[in-house]
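Trainee: Here's my sequence, what's the structure:
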Amino acid sequence: MSKKAQNKTQQKKEAAEPVMHKIPQQPSNLNKTLPLIIFIFSFLLYANTIYNDFALDDVAVIQQNKFTKQGVAGIDDMLHTFYWQGYWDTNAGLYRPLSLITFAIEYQFFGENAHAFHFGNVLLYSLVCVLLFVVLQRLLKNYNVLIPLITTLLFAAHPLHTEVVANVKSRDELLSIFFFLLSLQFLLRSTKDAGKKNTIISLSCYFLSLFSKEGSMVFLGIFPLTLYFFTDEPIKKIVKTSSLFLIPAALFFAIHTYVIAHAPMTKITYTYWDNSLVAVEGLSRFATVIYMMGKYFLLLFFPHPLSYDYSFNEIPATTFGNWKVLLSTLSIAALIYIAIKGIKKKSMVSYGIFFFFITIALVSNIFMLIGATMADRFLFVPSLGFCLTIAFLFTKFLKSDIKIPYTSIKELATKNTGVLLVTAIILSLYSFKTITRNKDWKNNFTLFIHDVNASPNSSRTQYNYGTEYLGLYNRATEMETSKRNALLDTCIAHLETSVKIDKDAHQSYLNLASAYYQKKDYKKAIENALQNLRVTKGTEPKAHSILGNAYYRSNMFDMAIEQLNIAIKNNFFADDTYVFLGGSHFGKGDFKNAIEAFNKAIELKKDNLDAYTNLGAAYGSINDFDNAIKTFKTSITYAPNNAQTYYYMALTFNNMGRKDSSEIYLAKYNALIGKH
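Mentor: I've put the predicted structure just below:
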């Protein structure tokens, strides 16, 4: 080969494989200062969540979780049961013991102090950001600190992360990425160290990442990707090294399978209420998934509005004829093209795109349907690929030198004014959105009233909003009547919207029946209770109870008796269930069964004033005046100032012909009601 031909061959080789000039190590003072700045920045972004209460699934993993509430004594149960078993009997096929264990330890020391749990999340998130910076520095050892710094700051401030940090339950996400980053750090060390220590530590950290959340399985694709793009390891060795991670993955999968298979409950089947895509089939489902991917892209660039829920029917089924689906398809195709094109050159943009698609794969609903349609938290890990890509593009287009080492923060800022100014603007916007969004997560009420506007077409957000107002109405017993009724009207309006969106929203029908019943609109209460029973095929005991009560109030005694007996048969009864059952029998003139029902009500609640009053009236109706007087006197021991009881006493004595006694109790009645 001629010398000229050799030179051309060498030039082609250099073009295909750009030389990575290793720069001197950053000064130690910069290495200490920047992690501290990142930690403080990350912590302050979420410091206001420390004052928040529990919200959403926090009740299931902390407040009402029987294992968590045992403190450290509940850890053994957490290791042997599925994720939700400490709260309910619904086996969703999840096994995430590590986050539950941290909750148990915190509960041991702090009880149900929500602020302590939130502090734990904020602290862990800050450590994740610092660890991310350290790992990026090692990955980008041929560059200066600029790209790792910008990437980390963008990641720390991105508002899409608020759900993960502000919702205590999502600690599984934080632990998952924390141990993944540790695993990656020790994996990179192992490439420079012939010993096995770093490899063993890396595999152990990955196992802990899996124990935090099953979704860590996606990192099996990130390990070889990272080794290829950021090391000089040959492909054969990369494959060999990466295959080692199949060991902890297989071990975790075996444990996971064993626990789920031996759970005493049948594994849940997701419905459209959990994931609206369940109700969509064929190409329409795929088109809807592509459309959602486009929404994810948009949220990465413009994270507003954010919502805790995107369920039915916030994202309606669509087709490939929708221009938004076509645009999303083109965007995905373009990104994949760019990523593939940059493989040979080991482009950082290519790595960022691959990182995004690999880490979002399991939650994308493309390969399998999961328990949610879409969620902000699903972008937590994938957003790292986005932030890395953006940081690289910033430095490239703003012509910052990413190879020059810096001796101080002042020098770093002076020589990169343009890129840091743009970054500062974005960080300011992101930080403002993050801090304000944190306030929405104060508690369920603040979250629901805010996000009903962010996801107005979700039947669930409307249901949650209405249900919160129903609870507020029930608690606001001292509130002025007009204001309290306004709460009930708001409740009904949103629950009605919920059932308009989803005609089979059985929970909304149930709460509508309850709300209308309290509003004394018994016709509407009956209609909605029947709708609930239609959807649930008659399996909701509470609907039977409300229906029975409403029938009783409407003097439809036979139907009331039928429904109340069904509720009782299914072990659902409130303080008034037997009272209304007795009242229905009373209304039919069946005093024997009425007396039996009233006595049952008293047996269940010794101070049930309504039961005593009605029981006394029932005895009086069959001229059993002695038992009537005895019942009324017992009632007085529980409620000595109840005027109605004295009136019935006076009436009974009058029917017995004992006028003097009748006048005594009538006088007490008049005194209590202020009549002279």
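
Trainee: In the host helix or strand of Asn438, which residues are buried?
Mentor: Per DSSP states H and E, Asn438 falls inside helix 417-440. Under the neighbour-count criterion of 16 or more other C-beta atoms under 10 Å, helix 417-440 has 419-420, 423, 426-427, 430-431, 433-435, 437-440 buried. C-beta: built from backbone N, CA, C; applies to glycine.

Trainee: The lowest-mean-pLDDT helix or strand in the chain: what's the following helix or strand?
Mentor: Across the helices and strands of the chain, mean confidence by mean pLDDT, DSSP states H and E is lowest for helix 3-16: a mean of 47. Sequence-wise, the next helix or strand downstream of helix 3-16 (DSSP H and E) is helix 28-46.

Trainee: now what about that following helix, what contacts it?
Mentor: With C-beta atoms under 8 Å, 6 or more residues apart in numbering as the test, helix 28-46 has contacts from 121-123, 125-127, 129-130, 133-134, 137, 145, 149, 152-153, 156-157, 162, 165-166, 406-409, 412, 431, 434-435, 438.

Trainee: what about it, distance to the chain center?
Mentor: Helix 28-46 has its C-alpha centroid displaced from the chain centroid by 29 Å (C-alpha atoms, centre = their mean, to the nearest Å).

Trainee: average pLDDT for it?
Mentor: For helix 28-46, mean pLDDT is 90.

Trainee: Could you measure from Thr271 over to Val278?
Mentor: 6 Å (C-beta to C-beta, to the nearest Å).

Trainee: okay, these two: which has more neighbours?
Mentor: Set Thr271 next to Val278 and count neighbours by other C-beta atoms under 10 Å: Val278 wins out with 17 against 13.

Trainee: show me the contacts for that one.
Mentor: Going by C-beta under 8 Å, 6+ apart, the list of residues near Val278 reads 270-272, 369.

Trainee: Same check on Asn485?
Mentor: If you count contacts by C-beta under 8 Å, 6+ apart, Asn485 has them with Lys519.

Trainee: Render the CA-only coordinates of the helix or strand encompassing it in CSV, please.
Mentor: For Asn485, the element it lies in under DSSP H and E is helix 481-501. Taking C-alpha atoms only, helix 481-501 is exported to CSV below (Å, rounded to 0.1, in the frame of the first residue of the first chain):
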residue,chain,number,x,y,z
THR,A,481,-75.3,25.0,57.2
SER,A,482,-75.1,26.9,53.9
LYS,A,483,-71.4,26.6,53.6
ARG,A,484,-71.5,22.9,54.6
ASN,A,485,-74.2,22.3,51.9
ALA,A,486,-71.9,24.0,49.4
LEU,A,487,-69.3,21.4,50.1
LEU,A,488,-71.8,18.7,49.3
ASP,A,489,-72.8,20.4,46.1
THR,A,490,-69.2,20.6,45.0
CYS,A,491,-68.8,16.9,45.8
ILE,A,492,-71.8,15.9,43.8
ALA,A,493,-70.8,18.1,40.8
HIS,A,494,-67.4,16.3,40.5
LEU,A,495,-68.7,12.8,41.1
GLU,A,496,-71.3,13.4,38.4
THR,A,497,-68.5,14.5,36.1
SER,A,498,-66.7,11.2,37.0
VAL,A,499,-69.6,9.0,35.9
LYS,A,500,-70.1,11.1,32.7
ILE,A,501,-66.6,10.2,31.8
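
Trainee: Next, the buried residues of that helix.
Mentor: Buried residues in helix 481-501, counted by 16+ other C-beta under 10 Å: 484, 487-488, 490-492, 494-499, 501.

Trainee: export those to JSON lines and tack on pLDDT and distance to Leu512?
Mentor: Output for these, formatted as JSON lines (pLDDT from 0 to 100; distance: C-beta to C-beta, whole Å):
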{"residue": "Arg484", "pLDDT": "92", "distance to Leu512": "18"}
{"residue": "Leu487", "pLDDT": "94", "distance to Leu512": "15"}
{"residue": "Leu488", "pLDDT": "95", "distance to Leu512": "11"}
{"residue": "Thr490", "pLDDT": "96", "distance to Leu512": "13"}
{"residue": "Cys491", "pLDDT": "97", "distance to Leu512": "9"}
{"residue": "Ile492", "pLDDT": "97", "distance to Leu512": "7"}
{"residue": "His494", "pLDDT": "97", "distance to Leu512": "10"}
{"residue": "Leu495", "pLDDT": "98", "distance to Leu512": "5"}
{"residue": "Glu496", "pLDDT": "97", "distance to Leu512": "7"}
{"residue": "Thr497", "pLDDT": "97", "distance to Leu512": "11"}
{"residue": "Ser498", "pLDDT": "97", "distance to Leu512": "8"}
{"residue": "Val499", "pLDDT": "97", "distance to Leu512": "7"}
{"residue": "Ile501", "pLDDT": "96", "distance to Leu512": "13"}
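
Trainee: Under a three-state scheme, what state does Tyr264 occupy?
Mentor: Just so we're on the same page, residue 264 is Pro rather than Tyr. Recorded secondary structure, Pro264: coil (DSSP: H, G, I helix; E, B strand; the rest coil).

Trainee: got a pLDDT number for it?
Mentor: So Pro264 comes in at 81 (pLDDT).

Trainee: quick one, what contacts Thr68?
Mentor: Counting by C-beta under 8 Å, 6+ apart, Thr68 has contacts 61-62, 74, 86, 100, 103-104, 107.

Trainee: among the residues you listed, which are in helices?
Mentor: Mapping the contacts of Thr68 onto helices (DSSP state H) picks out 100, 103-104, 107.

Trainee: Correct me if wrong: Ile673 contacts Ala643.
Mentor: Yes: using C-beta atoms under 8 Å, Ile673 is in contact with Ala643, at 5.0 Å.

Trainee: So the two - more neighbours on which side?
Mentor: More neighbours surround Ala643 than the other of Ile673 and Ala643, with 16 against 11 (other C-beta under 10 Å).

Trainee: and stretch 402-420, which residues are buried?
Mentor: Buried, per 16+ other C-beta under 10 Å, within stretch 402-420: 402, 406, 412, 416, 419-420.

Trainee: Identify each buried residue in stretch 504-511, please.
Mentor: For stretch 504-511, burial by neighbour count (16+ other C-beta under 10 Å) applies to 504-511.

Trainee: With stretch 456-471 instead?
Mentor: So, applying 16+ other C-beta under 10 Å, buried residues of stretch 456-471: 458-470.
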